[in-house]
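# Have a look at this prediction, sequence included:
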Amino acid sequence: MLHPGAASSLREGLAETLTVSRLNLSPLLVSSLGSTNLIESSFSRARARIGKITNYPSGQAALRWCASALLLAEEGFRTIKGVKDLWMLKVALDTPLEVKTQ
């Protein structure tokens, strides 16, 4: 296998990707929400801010540092592709799922 890490990531996110595609969202919104890039980018930015801190006095202190770093990272966020179609996501999430039984 040429890229085992990429294959592993694909297998890991396959169920979520298929779930997003079943919601009948716009293609731009599916491309934004169908990957983990939004989350990974957020944590990467936070890690850059607090990466050198290695000794937290408590778990609560670590959570506060992480929250603070994420708030600072938020300043550099861009608007997601398909932001004008977020209403479609709200409608899809507010609509009860029909469970098909065989």
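Everything's here; your move.
# Now do the same contact list for the most centrally placed residue in the chain.
Central residue of the chain (Cα atoms, centre = their mean): residue 39, 3.7 Å from the mean position. With contact set as Cβ atoms under 8 Å, 6 or more residues apart in numbering, residue 39 has no partners. C-beta coordinates here come from the backbone N, C-alpha and C atoms, glycine included.
# show me where pLDDT drops low in the chain?
1-3, 10, 13-18, 97-102 (pLDDT under 70).
# repeat that with 90
1-82, 89, 92-93, 95-102 (pLDDT under 90).
# distance of the residue nearest to the centre of the chain from residue 45?
11 Å (Cβ to Cβ, to the nearest Å).
# again, but for residue 53
Taken as Cβ to Cβ, the span from residue 53 to residue 45 is 15 Å.
# neighbour count winner among those two?
Shown here are residue 53 and residue 45; by other Cβ atoms under 10 Å, residue 45 has more neighbours (17 against 11).
# who touches the closest residue in space to that one that isn't next to it in sequence in this structure?
If the residues on either side of it in the chain are set aside, residue 45 comes closest to residue 73, at 3.4 Å by Cβ to Cβ, 6 or more residues apart in numbering. Counting by Cβ under 8 Å, 6+ apart, residue 73 makes contact with 42, 45, 46, 49.
# hmm, back to that, shared neighbours, residue 39 and residue 45?
Contacts common to residue 39 and residue 45, judged by Cβ under 8 Å, 6+ apart, are absent.
# which residues of the chain fall in helices?
4-21, 27-33, 37-50, 59-74, 86-94 (DSSP state H).
# which of the residues in stretch 68-83 are buried?
69, 73, 82 (16 or more other Cβ atoms under 10 Å).
# Kindly report the same for stretch 34-53.
By neighbour count, with 16+ other Cβ under 10 Å as the criterion, the buried positions of stretch 34-53 are 34, 42, 45, 46, 49, 50.
# quick revisit: with distance to residue 9 added, can I get the buried residues of stretch 68-83 in TSV?
Shown next, in TSV, are those (distance: Cβ to Cβ, whole Å):
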residue	distance to residue 9
69	24
73	22
82	22
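# just these now: which is nearest residue 29?
residue 82 (3.3 Å; Cβ to Cβ).
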